[in-house]
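> sharing a model that was predicted from the sequence below.
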Amino acid sequence: MIDDWILRVEQLSKHFGPTCPDCRRLTGPDTGRSQCPRCGTVWACVEANLQLNAGEVLGIVGESGSGKSTLLQMIYLALRPDSGHIWYRDNGGPPRDLTTLDRYEARLFRNTKLGIVYQRPELGLNMRFSVGGNVAEKLLLAEWRHFGRIRARTAELMVKTELPPERIDDEPPTFSGGMLQRVQIAKALASRPSLLLLDEITSGLDVSVQARVLDLLRRIQWEDRITMLLVSHDLGVVRQLARRTIVMKNGHIVEAGLTDQILEDPQHPYTQLLVSSAL
């Protein structure tokens, strides 16, 4: 077994609602629904297991409501799981269970070890702050305090993400959609995180803009060897970035393996449907 893992998720579950004795029987991939018809509880993620190795890009695919974004938000520590564990370790050191962190510890971990890029820039950026202000916010939360270092780091990240550094004081609404995704990437990378989370980052972008954003992410991953977790409904995006992929449906992981293998020889009927619909 590969022993260079950085993140390991074990039996992670999250539901929304009161639950009833029939919930689990009446929900899941076999029934085609996540919401219990008896009590209305939504089973957003059920006993998920995954391992993410250092320097790897792992894809999570599935239709809207499959549970992939809920799983991502639990890993980002923005949503507390009902049960299960999220193990994290640095450089092969002793693992920490992130589900045991208190609110302050979780916030500090999120701001120093994790970065996230959302589908909608307004979720990841303060649209009233300048580009420099957005990156500075991330660095201040990561306990950077020197203004000159913060300013220099922001300019460095703008160059890295192919943004004109002379626009460091411009506000996000003056940027195009593709440039806003680059601003989000710059902010996410600010504190040199161990893990970058990408949530449907190319949805809504023109094909040419999408291609440039993906090229940027491939370059960053190659240069920095940063570990990435990519959520997308677009199998083409996953194929371009992710070495391994897991497939989710109705809150459950139904298939996992090498991306090329899953896309060329899908085993689960749902994965077969996803792949055939993308052709």
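Okay, I see it.
> which sections of the stretch 1-150 of the chain are below the confidence cut-off?
Along the stretch 1-150 of the chain, the model assigns pLDDT under 70 to residues 1-2.
> mind listing the helices for it?
Along the stretch 1-150 of the chain, the segments classed as helices by DSSP state H, counting those that start in this stretch run 23-26, 68-75, 103-113, 121-124, 131-141, 147-160.
> was I right about Lys138 contacting Ala190?
Yes: if you go by CB atoms under 8 Å, Lys138 and Ala190 touch, sitting 4.3 Å apart. Bear in mind the C-beta positions are built from the backbone N, C-alpha and C, glycine included.
> so where do the strands sit in this protein?
5-16, 42-53, 57-61, 83-88, 96-97, 114-117, 195-199, 227-232, 244-249, 252-258 (DSSP state E).
> most packed of these?
Highest mean neighbour count among those (mean count of other CB atoms under 10 Å): strand 57-61, with a mean of 26.
> that strand pairs with which strands, and in what direction?
According to DSSP bridges, strand 57-61 has the following sheet partners: strand 227-232 (parallel), strand 244-249 (parallel).
> looking at these, which is closest to Thr31?
Thr31 sits nearest to strand 244-249 of all the strands paired with strand 57-61, at 10.6 Å, using CB to CB.
> then the closest one to PDB, C-alphas only?
Output of strand 244-249 as PDB, limited to C-alpha atoms (Å, rounded to 0.1, in the frame of the first residue of the first chain):
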ATOM      1  CA  ARG A 244      -7.800   8.800  -9.800                       C
ATOM      2  CA  THR A 245     -11.500   9.400  -9.600                       C
ATOM      3  CA  ILE A 246     -14.400   8.500  -7.300                       C
ATOM      4  CA  VAL A 247     -18.000   8.500  -8.500                       C
ATOM      5  CA  MET A 248     -20.900   9.500  -6.200                       C
ATOM      6  CA  LYS A 249     -24.600   9.000  -6.500                       C
END
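> hmm, who's touching it?
By CB atoms under 8 Å, 6 or more residues apart in numbering, the surrounding residues in contact with strand 244-249 are 29, 48, 50, 56, 58-63, 66-68, 71, 238, 253-259, 262-263, 268, 270-271, 274.
> and with 7 Å instead?
The contact list for strand 244-249 (CB atoms under 7 Å, 6 or more residues apart in numbering) reads 29, 50, 58-62, 66-68, 238, 253-259, 262, 268, 270-271.
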